[in-house]
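Engineer: please work out how this folds:
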Amino acid sequence: MFEKLRNIFQVPELKRRILFTLMLFVVYRLGEHMPTPGVNGEALSRALERQRGTLFGLYDLFVGGGFSRATIFALGIMPYISSSIIIQLLGAVVPYFEKLRKEGEEGQKKLTQLTRYGTVMISIIQSLGYSVFLQNPGHFGGEIVVPNPGPLFAFSTMLTQTTGTIFVMWLGEKITEHGIGNGISLIIFVNNLGGVPNRLFQAVDSFRAGAISPFAIVAALAIMVGVVAVVIVMTQATRKIPVQYAKRIVGRRMFGGASTHIPLRVNTAGVIPIIFASSLMILPATVSGFLPPDSPLATLGQWFNPLGFLYNFFYGTIIIFFTYFYTAVVLNPNDLAENMRKYGGFVPGIRPGRKTAEYIDRVLSRITLPGAVFLALVAVLPDAFIAWFGMPFLTFGGTSVLIVVGVALDTLQQIESHLLMRHYEGFVKRGRIRGRTRM
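Structural biologist: Next comes the predicted model:
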């Protein structure tokens, strides 16, 4: 293992990308501790400590604790994710956005720009709701979080939070472009891991105080290890569709005749459905933040308690929907069949063209179902287990495990590809490369 870690820093480009990513992580963590002007951070932390098991606690988990501390990154990357959801949904129903999606790199640039504009608009709306939420003592049991409320505080909060979200979005894009891994996913990855040490200390304190039994801790750890193992297996699982290429004679050379396969992953969407669903489930809290506590709709956020049945039912349903939706976005059976036909490829026993596209679509729909149900169960069941055993401090539940493990695997695969391109042994055990070429 130490030899493999040493190989990483022997590749100059990989070393530069990793160090660049770590440097931006430091910048992001510093921003998570810069307070928003005009907020009593201690009073806010005390008030939200009582709501750790609610939807506010879940939002706080995704933004690395910035919500409960009212930092300049309190909204985190969630407005960008919400904007991405909207743009991708429009790409499936609006012809203009569908056309941009099919235009290749130029179309993707326009969609990225529209996503940025949407992020700014959503940030303005959410920051306004956040300022209204902070100024109302009724949300905090009568405790005053903002000593000097008013329009000036609302404006400064909107400006600070929107700017902070834009900066986080910029950090994520720079990590993707110049670093290693997907920047947006890695930021959420860091946010989920940031509070783990504190939660471990809380578990130890609860055990010493006799609040939880040793059996509950052992059972929780066993389930956590099992979930991690199952997530890794399901993330790597693939269905291989055999493909045969016909022989072609070009000049005096013969091409084709090879047999290969199309690897279709059981969980093609990865952790994207979890992130999308979590972003949507946070919207009720944003809506209730605009309303006074005595309003009937103000309890909207309380109805969607992360440890309640209603929240988990909708959460699992949305995860299944987004798994199918995102799989349809990233994998088009018609394009796969057309590309195979152009190069003389065919699936044995299946007629090229439309029949091949139908076959791929049928296989993809079948293998996506267990992947979607798996994501929903892993996201919901650990949280239900935590509620059953009465351990709210273990907010590092199924959702967090899916995100952390999925992002870690994706990042390791990118590191693996960099190492193998330079003829170094990667992290995945495989046959050794015989012979080395000069770099």
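Engineer: now for whichever strand or helix holds residue 364, which elements pack on it?
Structural biologist: Applying DSSP states H and E as the criterion places residue 364 in helix 354-389. With contacts defined as 3 or more Cβ pairs under 8 Å, 6 or more residues apart in numbering; DSSP states H and E, helix 354-389 has these neighbours: helix 214-236, strand 238-245, strand 259-265, helix 272-281, helix 309-330, helix 333-342, helix 398-421. Glycine gets a C-beta too; all of them are placed from N, C-alpha and C.
Engineer: now that helix, how far from the centre of its chain.
Structural biologist: On the basis of Cα atoms, centre = their mean, to the nearest Å, helix 354-389 sits 16 Å off its chain's mean C-alpha point.
Engineer: what's the average pLDDT for it?
Structural biologist: Across helix 354-389, the average pLDDT comes to 82.
Engineer: what residue lies at the spatial centre of the chain?
Structural biologist: residue 275 (4.0 Å; Cα atoms, centre = their mean).
Engineer: show me the contacts for the closest residue to that one other than its chain neighbours.
Structural biologist: With sequence-adjacent residues excluded and distances taken as Cβ to Cβ, 6 or more residues apart in numbering, residue 275 is closest to residue 81, at 5.7 Å. Neighbouring residues of residue 81 by Cβ atoms under 8 Å, 6 or more residues apart in numbering: 184, 275-276, 279.
Engineer: out of those, which one has the lowest pLDDT?
Structural biologist: residue 279 (70).
Engineer: gap between that residue and residue 75?
Structural biologist: 11 Å (Cβ to Cβ, to the nearest Å).
Engineer: so which of the helices and strands packed on helix 354-389 is the most surrounded?
Structural biologist: helix 272-281 (a mean of 24; mean count of other Cβ atoms under 10 Å).
Engineer: distance from that one to the middle of the chain?
Structural biologist: 7 Å.
Engineer: just the CA trace of that helix, in PDB.
Structural biologist: The C-alpha coordinates for helix 272-281 follow below in PDB (Å, rounded to 0.1, in the frame of the first residue of the first chain):
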ATOM      1  CA  ILE A 272     -26.000  11.700  -8.300                       C
ATOM      2  CA  PRO A 273     -29.600  10.600  -7.400                       C
ATOM      3  CA  ILE A 274     -28.900  10.800  -3.700                       C
ATOM      4  CA  ILE A 275     -27.500  14.300  -4.000                       C
ATOM      5  CA  PHE A 276     -30.400  15.400  -6.200                       C
ATOM      6  CA  ALA A 277     -33.000  13.900  -3.900                       C
ATOM      7  CA  SER A 278     -31.400  15.400  -0.800                       C
ATOM      8  CA  SER A 279     -31.400  18.800  -2.500                       C
ATOM      9  CA  LEU A 280     -35.100  18.600  -3.300                       C
ATOM     10  CA  MET A 281     -36.100  17.300   0.200                       C
END
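Engineer: which residues sit against it?
Structural biologist: Under Cβ under 8 Å, 6+ apart, the answer for helix 272-281 is 55, 58, 62, 78, 81-82, 84-85, 185, 188, 304, 311, 314-315, 318-323, 326, 372, 375, 379, 399, 402-403, 406.
Engineer: report the inter-axis angle for it versus helix 309-330.
Structural biologist: Going by axes from the mean of the first three to the mean of the last three Cα atoms, to 10 degrees, helix 272-281 is angled at 130 degrees with respect to helix 309-330.
Engineer: just for the stretch 1-150 of the chain, where's the confidence low?
Structural biologist: Confidence mapping of the stretch 1-150 of the chain against pLDDT under 70 gives the ranges 1-4, 46-65, 138-142.
Engineer: would you agree residue 184 is in contact with residue 174?
Structural biologist: No. The pair residue 184 / residue 174 is not scored as a contact, 11.1 Å apart, by Cβ atoms under 8 Å.
Engineer: the more surrounded of these two?
Structural biologist: Under the criterion of other Cβ atoms under 10 Å, the comparison of residue 184 against residue 174 puts residue 184 first, with 22 against 15.
Engineer: what strand or helix carries that one?
Structural biologist: Per DSSP H and E: helix 183-194 holds residue 184.
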